[in-house]
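Chemist: Predicted model and sequence follow; I will ask about them next.
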Amino acid sequence: MKIKSIRAVNLDMPALSPLARPSEATYQTQRRPSWVESGPVANPMTRYPRYASYRPSWTPTWDNFGCVIEAE
């Protein structure tokens, strides 16, 4: 089998209703920020001072996507 083409496509993800997450719909408690968003993380980018302190400063911000691979 040979690969004919590879392409990226945008995924239009449906919004989740409050019923899809019953724990969040039932209890409106204040949560602490995620460790991903609130503090330094040990990773290859921490060697650069500009990116070391805050992970979202270097994570991608693109939309949801998928790869379509077409075979012959």
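Modeler: On my side now, so go ahead.
Chemist: Strands along the chain, start to end?
Modeler: 3-10, 65-71 (DSSP state E).
Chemist: Could you give the average pLDDT over the first one?
Modeler: Translated: strand 3-10. Mean pLDDT, computed over strand 3-10, is 95.
Chemist: can you state the direction angle for that strand and strand 65-71?
Modeler: Angle between the axes of strand 3-10 and strand 65-71 is 160 degrees (criterion: axes from the mean of the first three to the mean of the last three C-alpha atoms, to 10 degrees).
Chemist: Note down every partner strand of strand 3-10 and its orientation.
Modeler: Using DSSP bridges, strand 3-10 pairs in its sheet with strand 65-71 (antiparallel).
Chemist: residues making contact with the strand it pairs with?
Modeler: If you take C-beta atoms under 8 Å, 6 or more residues apart in numbering as the criterion, strand 65-71 is touched by 1-11. C-beta here means a position set from N, CA and C on the backbone, and glycine is covered the same way.
Chemist: As JSON lines, these with distance to residue 34 and neighbour count would be great.
Modeler: Listed next are the contacts of strand 65-71 as JSON lines, based on distance: C-beta to C-beta, whole Å; neighbours: other C-beta atoms under 10 Å:
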{"residue": "1", "distance to residue 34": "41", "neighbour count": "5"}
{"residue": "2", "distance to residue 34": "43", "neighbour count": "5"}
{"residue": "3", "distance to residue 34": "37", "neighbour count": "9"}
{"residue": "4", "distance to residue 34": "40", "neighbour count": "9"}
{"residue": "5", "distance to residue 34": "37", "neighbour count": "9"}
{"residue": "6", "distance to residue 34": "32", "neighbour count": "9"}
{"residue": "7", "distance to residue 34": "32", "neighbour count": "9"}
{"residue": "8", "distance to residue 34": "27", "neighbour count": "10"}
{"residue": "9", "distance to residue 34": "28", "neighbour count": "10"}
{"residue": "10", "distance to residue 34": "25", "neighbour count": "10"}
{"residue": "11", "distance to residue 34": "22", "neighbour count": "9"}
